[in-house]
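Visitor: turn this into a structure:
(one chain, ligands or ions: 1)
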Amino acid sequence: MRVADLSFRYGRREPWVLAGVDMTLGAGDVVEIVGPNGTGKSTLLRLLAGLLRPVRGAVEDRPPVVGYAPERFPAAQPFTVAGYLRHMAAIRKVAPGDVDEWTDRLGMDHLLGQRLPDLSKGSAHKVGLAQALLCRPGLLVLDEPFAGLDAATRAELPVVIAEVSARGGTVVVSDHQGDLRGLPGIRRYEVADRSVREAAAGTGPEPERLAVLEVDVPASEAARLARRLRADGYAVRIGPAGLAPSGPGSGEREAPDLRDLGASDVGDSRVGPRSGEAS
Ligand SMILES: Nc1ncnc2c1ncn2[C@@H]1O[C@H](COP(=O)(O)OP(=O)(O)OP(=O)(O)O)[C@@H](O)[C@H]1O
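Guide: Residues are numbered from 1 along each chain as shown. Coordinates of the predicted model:
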């Protein structure tokens, strides 16, 4: 997908919000859009999603299925949560059962019978995320998706984003709170003074010294926890418990069958740093 010499303003007499913007977004890319308030991040996201049309220039080769979650979900609609998501699934030609997957993953099963206008801000935000995700988007555009989310959903969202990317989707996210900073390979564009510039790889804060953290978890939870940590950018290896040098109970448990853990890279027992240069 390509943004070619794009310029946009909200009206003929309005100032240009964006001018001469060029971007290239590949399949599987996760792209973070950053910049000060009011510089045009939401405007850029709506242009990328196809909800606004460029005044000049073009967005080319946009994937056909686009999921977009706005910064503020418009909750003043005459639906229950379940009714709204089923309606969106029908429009998107998605099996109604797919709605259940997302309400479960986003921790919103208890909201299904509630009316949209009665939802709290965070709950309404989850509905916006669910409708964006249920269509299996080739382009997923999320405007400040972490704002107001509870801790469990906040931890789940990077996993979801990594999954969309892994199956070849492009993900574009504005993220004031930096929840995606650790995601491996994430690209960053900065919006300022009407232009959009990609931050060079390797810019940003100095990498921290690495340490090994060994954690014993129930075998049945290991694969899921490993996925979460990997989505946060950590190198994770799964192995049998009981290798910690000290501590009550260490070494006394029976090692689980590694195949039951869903581990693809067994053989090393540590949860540790990317490069292995432990300190
Ligand atoms: N519907 C609209 N009509 C007219 N002007 C608008 C509209 N939406 C946004 N703007 C203006 O466009 C500019 C960019 O707004 P935008 O919401 O894209 O910025 P932002 O970087 O996302 O801000 P924030 O970080 O506060 O969310 C602002 O000057 C804003 O006032």
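Visitor: three-state assignment of Val171?
Guide: Under DSSP: H, G, I helix; E, B strand; the rest coil, Val171 falls in the strand class.
Visitor: identify the residues contacting it.
Guide: Asp29, Val30, Val31, Leu139, Leu140, Val141, Leu142, Ile161, Val164, Ser165 (Cβ atoms under 8 Å, 6 or more residues apart in numbering). Quick note: C-beta positions are derived from backbone N, CA and C, even for glycine.
Visitor: what's the distance between it and Ala132?
Guide: Counting by Cβ to Cβ, to the nearest Å, the gap from Val171 to Ala132 is 11 Å.
Visitor: which neighbours do the two have in common?
Guide: By Cβ under 8 Å, 6+ apart, the residues touching both Val171 and Ala132 are Leu140, Val141, Leu142.
Visitor: is the helix or strand containing the second one in proximity to the ligand?
Guide: Under DSSP states H and E, the secondary-structure element containing Val141 is strand 139-143. No - using Cβ under 6 Å from any ligand atom, strand 139-143 never reaches the ligand; the gap is at least 7.4 Å.
Visitor: tell me the strands beside that strand, with direction?
Guide: Strand pairing for strand 139-143, determined by DSSP bridges: strand 66-69 (parallel), strand 170-174 (parallel).
Visitor: nearest to the ligand, of those?
Guide: Proximity to the ligand, assessed across those by Cβ to the nearest ligand atom, is greatest for strand 170-174 (6.6 Å).
Visitor: is the ligand contacted by the closest one?
Guide: No - using Cβ under 6 Å from any ligand atom, strand 170-174 stays clear of the ligand, coming no nearer than 6.6 Å.
Visitor: for stretch 193-203, same thing?
Guide: No - judged by Cβ under 6 Å from any ligand atom, stretch 193-203 stays clear of the ligand, getting no closer than 9.8 Å.
Visitor: contacting residues for Gly26?
Guide: Applying Cβ under 8 Å, 6+ apart, we find Gly26 in contact with Met1, Thr170.
Visitor: much appreciated, bye for now.
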